[in-house]
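Chemist: only geometry, no sequence info:
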């Protein structure tokens, strides 16, 4: 903007112009004075409301249980937002930031009630990885189960919530020292406000690391929360031989499996007994998985 002409100025906080001012013709600016020195803020179009820009409307009305989270599209690497519509609906709308457009949508397995929330790992760990778990969703008062959405295999249940959720419930995603957590406040379920606060350590997952030359056979491996068992899930982009060994927290190996050559797609391996045939006790375990020329070590917690 060159050589702007000041039409009016005021110190009245409820000031109204006498005439309608057209967008992209007239602009507004706030300034403050310290002593005799004035400092002006940014110049704004009248399409901005207090610095907020009006964007494309969400194609579905949003009410109680609505929630918004940042994400990066794995396939296009585009920055986007995912939104729960709430209001006991099952819509998840996706907003692409660069294009200011709402495009694809996902249908949730449960209706989104009071206290619903959606979070993604990109807000804390910006690397998008195919089959990386997320978004993570709770459906408020309508469901006591934690869910996550996988790019390829849809919705999965991760486990039960510690309490029922209600008004004011919220969830956040955090990564501390490469450990991924969900944080949860449970809100009010009608008996009064609650101050309960929880953290859930997500099962370990990481990219499989290339251990030799040649094409990577798997871009993803992770352990799952499977009560009483050690379970790992992995994704093959090409056929590969898969071998896995499982160890307890002391480093003793008690399980070994050669799955042989496996076809592309999602696969799981699971152990429910130790070397003596007893049920696994609660605690930490480690799985070393070899996929072709790759290797990853995953931590699993049995509860």
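Modeler: Nice, I can see it. Only a predicted model underlies this, so the values are computations on that prediction, with no experimental measurement involved.
Chemist: C-alpha from now on. contacts and neighbour counts both.
Modeler: Fine.
Chemist: Strands along the stretch 51-200 of the chain, start to end?
Modeler: Under the criterion DSSP state E, counting those that start in this stretch, strands of the stretch 51-200 of the chain are mapped to 52-53, 67-72, 79-84, 91-96, 101-107, 116-119, 136-139, 145-150, 154-160, 170-176, 179-185, 197-201.
Chemist: With mean neighbour count, distance to residue 41 and mean pLDDT as extra columns, can I get those in CSV?
Modeler: Putting the strands of the stretch 51-200 of the chain into CSV (neighbours: other C-alpha atoms under 10 Å; distance: least, C-alpha to C-alpha, whole Å; pLDDT from 0 to 100) gives the following:
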stretch, mean neighbour count, distance to residue 41, mean pLDDT
strand 52-53, 10, 15, 74
strand 67-72, 21, 28, 89
strand 79-84, 22, 29, 90
strand 91-96, 21, 29, 90
strand 101-107, 14, 30, 81
strand 116-119, 27, 34, 95
strand 136-139, 25, 39, 94
strand 145-150, 19, 43, 86
strand 154-160, 15, 47, 83
strand 170-176, 17, 33, 87
strand 179-185, 17, 37, 87
strand 197-201, 13, 40, 89
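Chemist: Dump the ones you listed to a markdown table, plus distance to residue 240.
Modeler: Output for the strands of the stretch 51-200 of the chain, formatted as a markdown table (distance: least, C-alpha to C-alpha, whole Å):
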| stretch | distance to residue 240 |
| --- | --- |
| strand 52-53 | 50 |
| strand 67-72 | 29 |
| strand 79-84 | 32 |
| strand 91-96 | 34 |
| strand 101-107 | 31 |
| strand 116-119 | 33 |
| strand 136-139 | 30 |
| strand 145-150 | 22 |
| strand 154-160 | 24 |
| strand 170-176 | 31 |
| strand 179-185 | 28 |
| strand 197-201 | 31 |
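Chemist: Among these, which comes closest to residue 227?
Modeler: strand 154-160 (8.9 Å; C-alpha to C-alpha).
Chemist: Parallel or antiparallel, list what pairs with the closest one.
Modeler: strand 145-150 (antiparallel) (DSSP bridges).
Chemist: any idea how far residue 83 is from the residue nearest the centre of the chain?
Modeler: The structure's the chain has its C-alpha centroid closest to residue 120; by C-alpha atoms, centre = their mean the separation is 1.0 Å. Look at residue 120 and residue 83: by C-alpha to C-alpha, to the nearest Å, they are 11 Å apart.
Chemist: Can you check which residues contact both of these two?
Modeler: By C-alpha atoms under 8 Å, 6 or more residues apart in numbering, residue 120 and residue 83 have these common neighbours: residue 69.
Chemist: Ramachandran angles for residue 244?
Modeler: With angles defined as degrees, to the nearest 10, residue 244 sits at phi -150, psi 150.
Chemist: wait, what's in contact with it?
Modeler: Counted by C-alpha under 8 Å, 6+ apart, residue 244 has contacts 256-258, 287-290.
Chemist: Counting neighbours, what do you get for the spatially closest residue to it that is not a sequence neighbour?
Modeler: Closest residue to residue 244 apart from its sequence neighbours, by C-alpha to C-alpha, 6 or more residues apart in numbering: residue 289 at 4.3 Å. Other residues within reach of residue 289, judged by other C-alpha atoms under 10 Å, total 24.
Chemist: Equivalent analysis for residue 31, please.
Modeler: If you count neighbours by other C-alpha under 10 Å, residue 31 ends up with 10.
Chemist: that older thread, verify the stated contact: the residue nearest to residue 244 with residue 255.
Modeler: No - when contacts are counted by C-alpha atoms under 8 Å, residue 289 is not listed as touching residue 255 (11.7 Å).
Chemist: so what's in contact with these two at the same time?
Modeler: What both residue 289 and residue 255 touch, as defined by C-alpha under 8 Å, 6+ apart, is the set residue 245.
Chemist: how about low-confidence regions in the stretch 1-150 of the chain?
Modeler: 1-7, 12-25, 44-51, 73-77, 122-134 (pLDDT under 70).
Chemist: before we move on, back to that, okay if I get the contacts of residue 244 as CSV plus distance to residue 11 and secondary structure?
Modeler: Below are the contacts of residue 244 laid out as CSV (distance: C-alpha to C-alpha, whole Å; DSSP: H, G, I helix; E, B strand; the rest coil):
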residue, distance to residue 11, secondary structure
256, 76, strand
257, 76, strand
258, 77, strand
287, 67, strand
288, 68, strand
289, 68, strand
290, 70, strand
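Chemist: Farthest-apart pair in those residues, please.
Modeler: So, the contacts of residue 244 by C-alpha to C-alpha: farthest apart are 258 and 287, at 13.1 Å.
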